[in-house]
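# sequence-free structure coming up:
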């Protein structure tokens, strides 16, 4: 397995972000099936990858019903035929005009509000065709919660306790709204809770996880997935031997994997696939320092130029460091995906 | 001063990386003057900014004699008429052909070697026009040292002690080479040591600092510069009030400033310019959480939508998160710089 992957990837200069597209498809389909079974609408989040290709996989090519974290993503997807886009960010006052323009272009564009001042901002910019925040004011589409506390969980039981608590609180809030004469949708998110949903989540309208298409070492530590489910790697090469320090130097620093993993894993900033006895102990801009977890390094196993594959701690942070993702399937490179960037 | 800057920048959507180009020019000119006075060749490093415009400022428009951290930078600068480029990276075996191609295009392209195997790699790819590593083998151009330990210094005295030690060791090594019949150049680097050079550095051939064009909060903590010398900011806006937590929410997370500052400054991940009583305590992908250093926040001073300017801990890490830099001068936006990315 490892030698087949390395053969496929050996033509790439490193560091390079590589994706096993078959794993991406399996992860995406599992989430689709899970939501179908639960009877809840899946609204996948794009922030981990920010590409058209992965959005197509996550929406089963419908190009409808997505969440984004930046307005740049919203515009990128709108420009490419996506619609029903939720901008999961409390309305930024500097971007009201751009939000209004998107609303006028799309069938459905949703923003989050968490303050009365934001409502005033919306009302000051009525839409030309009367959609969404029309002459009568603003249309409340739904209630959105993230359950970020699921990231502190370890294992199924804790994840499901958070999923249950978030669902319960959200449904209680929906009841209060209903008592006040307001009916609208409800949506909760997070990859951990949606990877192990509880039955009550069927009473929600939508869920909005995102990281699950790639997963990462963090999600495997939480218990959302197994390490084998992780679809993303940073390909790196051994570029130095430091026997006086019992260390290897690799050509991936924080510019290639991000500082997000530092101090978070027993193996340092990443899991080094197929080498459980190696730790990535330190990162500079363009270098990584690798040590054995114990004992002396056998340098003959790691000649200069040899390939290693890093499983990142946090896929969302690692992908941000790359302007192209290299896609492989069954031992072959099959293409490149180009993410959008900025705000 | 602050209100003039904010007026210039208020048209930008945030987060945005902004540069005071007058400070960049002053910082660059000071380093040129310092090296002139010392009688040592300045070879500025491009890794902090990776733009043509800043390279022109740092080379006084000569477009000669630069250092880069990636081969993508080397190619970018070569494509735009720069020459005498030092690729300050131990020859990566996957990039020998690309290095050879650059050597054949340029008058002078230099790589680092730190292992006999790397020499073998060079010899296997003789250059077509016989330059650099010609028929007789490889030409040793010089000895390169970084003195990264200067980043642990606090204050002038410690910086100059490291500069002195590095210079002494490098010059002793040059003597040994000379005794063995080898004469070549010598170069040391780091922004701290070159911001406060010692007299013996005049005996070196070159110095290769880079961060000094922008400086950052880290360099001001080290003592390389004052906080007023720092040319780079991340423009951000207040997007939320959390009085129950005595916190503000801003629209800059680690995707806008990097995780590099986390836990490094008394004010958190950055210095918030003009607000010494505020700390940036936590970052998510697209949000920053701000607290007062003590007491209760006066929210009337920070209405939703109001601007804050973050002085980043590490400019090299923060610039990497942005695909465009906005340039201002004397209260006006005057242009955009576009960095190169990748490897």
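Looks like it arrived, so ask away. No experiment lies behind these values; they were computed from the predicted model shown.
# now the helix or strand harbouring residue A:309, how far from the centre of its chain.
Element membership for residue A:309, per DSSP states H and E: strand A:307-312. Chain-centre distance of strand A:307-312: 19 Å, with CA atoms, centre = their mean, to the nearest Å.
# I'd like the next helix or strand past it.
Per DSSP H and E, the first helix or strand lying C-terminal to strand A:307-312 is helix A:315-319.
# what packs against that next one?
strand A:232-242 (3 or more CB pairs under 8 Å, 6 or more residues apart in numbering or on different chains; DSSP states H and E). C-betas here are computed from N, CA, C, even on glycine.
# list the neighbouring strands of the strand it packs on plus their orientation.
Using DSSP bridges, the strands paired with strand A:232-242 are strand A:16-20 (antiparallel), strand A:247-250 (antiparallel), strand A:307-312 (antiparallel).
# list the buried ones in the helix or strand containing residue A:335?
Element membership for residue A:335 (DSSP H and E) is strand A:332-337. Across strand A:332-337, burial judged by 16 or more other CB atoms under 10 Å in any protein chain shown covers residue A:337.
# list the helices and strands that strand packs on?
Applying 3+ CB pairs under 8 Å, 6+ apart, we find strand A:332-337 packed against helix A:2-9, helix A:52-58, strand A:325-329.
# how much space between residue A:272 and residue B:216?
Here the criterion is CB to CB, to the nearest Å. By it, residue A:272 lies 31 Å from residue B:216.
# and the helices in the stretch 101-250 of chain A?
Secondary structure of the stretch 101-250 of chain A (DSSP state H, counting those that start in this stretch): helices located at A:116-123, A:156-179, A:191-195, A:217-222.
# for residue A:288, which non-adjacent residue is spatially closest?
Closest residue in space to residue A:288, ignoring its immediate chain neighbours: residue A:250 at 4.3 Å, by CB to CB, 6 or more residues apart in numbering or on different chains.
# hey, what's the one you found bridged with?
residue A:238, residue A:288.
# show me the contacts for the residue of the stretch 151-300 of chain A found nearest chain B.
Residue of the stretch 151-300 of chain A nearest chain B, by CB to the nearest CB: residue A:259 (4.1 Å). Residues near residue A:259 by CB atoms under 8 Å, 6 or more residues apart in numbering or on different chains: A:269, A:283, A:317, B:258, B:259, B:260, B:262, B:317.
# among those residues, which lie within helices?
A:317, B:317 (DSSP state H).
# buried members of the contacts of residue A:259 into ChimeraX, please.
In ChimeraX syntax, the buried subset of these is picked out as below (16+ other CB under 10 Å):
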select /A:269,283,317 /B:258,259,260,262,317
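# lowest pLDDT pick from the contacts of residue A:259?
pLDDT across the contacts of residue A:259 is lowest for residue B:262, at 82.
# in space, what's closest to that residue - neighbours in sequence excluded?
Nearest to residue B:262 is residue B:269, by CB to CB, 6+ apart, at 5.3 Å.
# how far away is that neighbour from chain A?
Separation of residue B:269 from chain A (CB to the nearest CB, to the nearest Å) stands at 11 Å.
# I'd like to know how far that residue sits from residue B:290.
10 Å.
# joint contacts of those two?
Common neighbours of residue B:269 and residue B:290, counting by CB under 8 Å, 6+ apart, are B:280, B:281.
# which bits of the stretch 1-150 of chain A sit near chain B?
A:12-16, A:47, A:69-71, A:89-90, A:92-95, A:98, A:114-115, A:117-118, A:148 (CB under 8 Å from any CB of the partner chain).
# how does it look with 7 Å?
For the stretch 1-150 of chain A, the residues in contact with chain B (CB under 7 Å from any CB of the partner chain) are A:13-15, A:47, A:69-70, A:89-90, A:92-95, A:114-115, A:117.
# and those, which of them are in strands?
A:89, A:90 (DSSP state E).
# out of the residues of the stretch 1-150 of chain A next to chain B, who's nearest chain B?
Of all the residues of the stretch 1-150 of chain A next to chain B, residue A:93 has the smallest distance to chain B: 3.6 Å, by CB to the nearest CB.
# OK, contacts around the closest one?
Taking CB atoms under 7 Å, 6 or more residues apart in numbering or on different chains, we find residue A:93 in contact with A:121, B:304, B:305.
# show me which of the residues you listed are buried.
With burial judged by 16+ other CB under 10 Å, the buried subset of the contacts of residue A:93 is A:121, B:304, B:305.
# how is chain A divided into domains?
A:2-18+A:226-335, A:21-222 (automatic domain parsing).
# for those, which one sits closest to residue B:231?
Closest to residue B:231 of the domains of chain A is domain A:2-18+A:226-335 (CB to CB; 19.1 Å).
# contacts for the worst-scoring helix or strand of chain A on mean pLDDT, please.
Least confident helix or strand, chain A: helix A:2-9 with a mean of 75, by mean pLDDT, DSSP states H and E. Helix A:2-9 has contacts (CB under 7 Å, 6+ apart) with A:18, A:235, A:274, A:307, A:328, A:331, A:332, A:333.
# check the offset of that helix from the chain's centre.
With CA atoms, centre = their mean, you get 25 Å for helix A:2-9.
# residue A:28 reaches residue A:213, doesn't it?
Yes. With contacts counted by CB atoms under 7 Å, residue A:28 reaches residue A:213, the gap being 5.2 Å.
# single out the most deeply packed of the helices of the stretch 101-250 of chain A.
Sort the helices of the stretch 101-250 of chain A by mean neighbour count, taking mean count of other CB atoms under 10 Å in any protein chain shown, and helix A:191-195 sits at the top with a mean of 28.
# so which residues make contact with it?
Applying CB under 7 Å, 6+ apart, the contact partners of helix A:191-195 are A:31, A:147, A:150-151, A:153, A:159, A:162-163, A:166, A:207, A:209-212, A:219, A:222, A:224-225.
# now mean pLDDT and mean neighbour count too, for the strands paired with strand A:232-242, in JSON lines please.
Below are the strands paired with strand A:232-242 laid out as JSON lines (pLDDT from 0 to 100; neighbours: other CB atoms under 10 Å in any protein chain shown):
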{"stretch": "strand A:16-20", "mean pLDDT": "98", "mean neighbour count": "23"}
{"stretch": "strand A:247-250", "mean pLDDT": "98", "mean neighbour count": "22"}
{"stretch": "strand A:307-312", "mean pLDDT": "97", "mean neighbour count": "24"}
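# columns distance to residue A:57 on top of those strands, output as TSV?
Converted to TSV, these look like this (distance: least, CB to CB, whole Å):
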stretch	distance to residue A:57
strand A:16-20	11
strand A:247-250	30
strand A:307-312	20
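# right, and those - which one's nearest residue B:102?
strand A:16-20 (19.7 Å).
# which one of the contacts of residue A:93 is nearest residue A:57?
Using CB to CB, the contacts of residue A:93 come closest to residue A:57 at residue A:121, 35.3 Å.
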